[in-house]
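sequence? don't have it. structure:
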């Protein structure tokens with residue numbers, strides 16, 4: 001390592017193992033810590049401050065401040081992401097499915113018409129207006145007769161409406177329903193036809209099969 005003779009001015013020589021090395025007249029080689037920089041955060045701005053043991057050839061580090069865009073872009077990104085999530089959470093998607101119909105109750109008189117209670121179901125997530133319904137009822141293997149809706153039926157989303165229709169049964173169907181076997185064990189039935197809706201507009205085929213059971217203590221009534 002180079003030394004300074006007496007009378008020479010003090011100067012910085014170099015660094016050894018991370019220490020600042022300088023020599024001065026009369027004191028020879030002196031090892032000191034290298035200048036360190038302390039950082040302070042002040043209201044969003046970063047300020048670099050030199051420590052007290054800065055050498056003679058080191059000036060104060062200038063203050064560095066973040067610009068408006070540097071501090072605003074992260075917040076803008078978070079706001080955009082929150083708006084996207086809010087839009088996904090509140091968005092409504094319309095699902096329209098064919099309506100359904102089934103027999104909820106059937107009351108058969110001795111000679112008069114049958115009273116058929118239909119259960120009309122809306123499988124859509126929007127209100128449906130049924131404008132026309134033309135169905136044929138079968139009991140067992142016999143054709144009982146036609147069922148027609150002559151008024152507009154409004155059914156709320158994912159809901160059910162009940163409608164009562166009169167049916168003049170064929171003789172064969174009347175005999176099936178009056179048999180002892182049907183009076184004790186019930187009978188299978190089938191609905192065939194079409195259902196039209198005006199809001200949302202649609203025309204759907206219908207085919208539904210199920211079974212009617214006799215109501216205890218009520219002759220000629222099935223559910």
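Sure, I can see it. The structure presented is a predicted model; accordingly, all values stated were derived computationally and were not measured. Residues are numbered from 1 along each chain as shown.

just checking, residue 203 touches residue 134?
No: using C-beta atoms under 8 Å, residue 203 makes no contact with residue 134, being 10.7 Å away. Just so you know, the C-beta spots here come from the backbone N, C-alpha and C atoms, and that holds for glycine as well.

mind listing the shared neighbours of the two?
Residues within reach of residue 203 and of residue 134 at once, by C-beta atoms under 8 Å, 6 or more residues apart in numbering, are residue 194.

name the residue in those two with the higher neighbour count.
residue 134 (14 against 11; other C-beta atoms under 10 Å).

any idea which element the more buried one lies in?
Per DSSP states H and E, residue 134 falls inside strand 128-139.

just checking, what packs against that strand?
Based on contacts counted as 3 or more C-beta pairs under 8 Å, 6 or more residues apart in numbering; DSSP states H and E, the elements that strand 128-139 packs against are strand 100-107, strand 114-121, strand 142-149, strand 153-155, helix 171-178, strand 187-199.

could you rerun that using 7 Å?
Judged by 3 or more C-beta pairs under 7 Å, 6 or more residues apart in numbering; DSSP states H and E, the packing partners of strand 128-139 are strand 142-149, strand 153-155, helix 171-178, strand 187-199.

for it, which outside residues touch it?
Around strand 128-139, the neighbours that count as contacts under C-beta atoms under 7 Å, 6 or more residues apart in numbering are 99, 101, 116, 120, 122, 143-149, 152-155, 167, 173, 176-177, 187, 189-200, 206.

show me what contacts residue 115?
107, 164, 166.

and the pLDDT for it?
According to the prediction, residue 115 has pLDDT 96.

can you check residue 212 too?
97.

doesn't residue 221 make contact with it?
No: contact between residue 212 and residue 221 fails when scored by C-beta atoms under 7 Å: they sit 9.6 Å apart.

out of these two, which sits in the more crowded spot?
Set residue 212 next to residue 221 and count neighbours by other C-beta under 10 Å: residue 212 wins out with 19 against 15.

now do the contacts for the closest residue to the more buried one other than its chain neighbours.
The shortest distance from residue 212 to any non-neighbouring residue, by C-beta to C-beta, 6 or more residues apart in numbering, is to residue 222 (3.9 Å). Residue 222 sits next to 106, 186, 212, 213, 214, 215 when contact means C-beta under 7 Å, 6+ apart.

run the last query once more with 8 Å
Shown in contact with residue 222 (C-beta under 8 Å, 6+ apart): 105, 106, 107, 108, 177, 186, 187, 212, 213, 214, 215.

out of the contacts of residue 115, which is most surrounded?
Using other C-beta under 10 Å as the neighbour test, the contacts of residue 115 are led by residue 107, with 17 neighbours.
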